[in-house]
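Engineer: here is my input; please provide its structure:
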Amino acid sequence: MEYRLVVPGKLHNLNDYISAERSNRYAGAHMKKTDQNIIFQQAKKQLRGIQLKKPVFMEYVWYEENRLRDKDNISAYGRKVIQDGLVKARVLHGDGWSHIEGFSDRFEVDKVNPRIEILIREVES
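Structural biologist: Numbering: from 1, shown residues only. Model (predicted):
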């Protein structure tokens with residue numbers, strides 16, 4: 001089975017997170033929690049009651065407004081908060097090696113509708 005989650009807008013990136021951590025020891029945690037809650041709310045709304053027990057492969061498509069943010073900064077932090085948010089929403093049982101088989105990233109520009117599209121595909125272990 002496969003499931004799609006679309007997150008409107010954009011999340012913070014790794015540089016934002018590192019900067020927040022350096023400025024105040026609570027700022028980074030607050031930023032991560034805020035972004036995780038965005039994922040949690042979208043998962044509850046779009047993936048109503050889905051609880052995946054099998055390992056998954058996750059395909060991320062990052063639609064940015066422009067090319068100003070580095071791809072690695074977008075995806076490194078983004079994948080972390082998305083997977084943590086999906087665990088919090090109980091869509092994923094966990095985010096360790098036995099739960100996430102792998103992932104891929106693709107980057108596009110959409111000035112009008114920035115978003116993140118995540119395809120979650122169950123795989124046989």
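Engineer: does the spatially most central residue of the chain lie in a helix or a strand, and which?
Structural biologist: What sits nearest the mean C-alpha location of the chain, by Cα atoms, centre = their mean, is Ile82, with 2.5 Å. When elements are assigned from DSSP states H and E, Ile82 belongs to helix 71-88.
Engineer: list the buried residues for that helix?
Structural biologist: Applying a neighbour-count criterion of 16 or more other Cβ atoms under 10 Å, one finds 73-75, 77-88 buried in helix 71-88. Just so you know, the C-beta spots here come from the backbone N, C-alpha and C atoms, and that holds for glycine as well.
Engineer: please apply the same query to stretch 55-71.
Structural biologist: Those would be Pro55, Val56, Met58, Glu59, Tyr60, Val61, Trp62, Tyr63, Glu64, Arg69, for stretch 55-71 by 16+ other Cβ under 10 Å.
Engineer: can you list contacts of that stretch?
Structural biologist: Stretch 55-71 is touched from outside by 10, 13, 15, 74-75, 78-79, 82-83, 92, 98-111, 113-123, 125, with contacts defined as Cβ atoms under 8 Å, 6 or more residues apart in numbering.
Engineer: strands - which of these land there?
Structural biologist: With DSSP state E as the criterion, strands contain 100-109, 115-122 from among the contacts of stretch 55-71.
Engineer: thinking again about what came up before, buried subset of the contacts of stretch 55-71?
Structural biologist: Listed as buried from the contacts of stretch 55-71 are 10, 13, 74-75, 78-79, 82-83, 92, 99-101, 103, 105, 114, 116, 118, 120-121; burial here means 16+ other Cβ under 10 Å.
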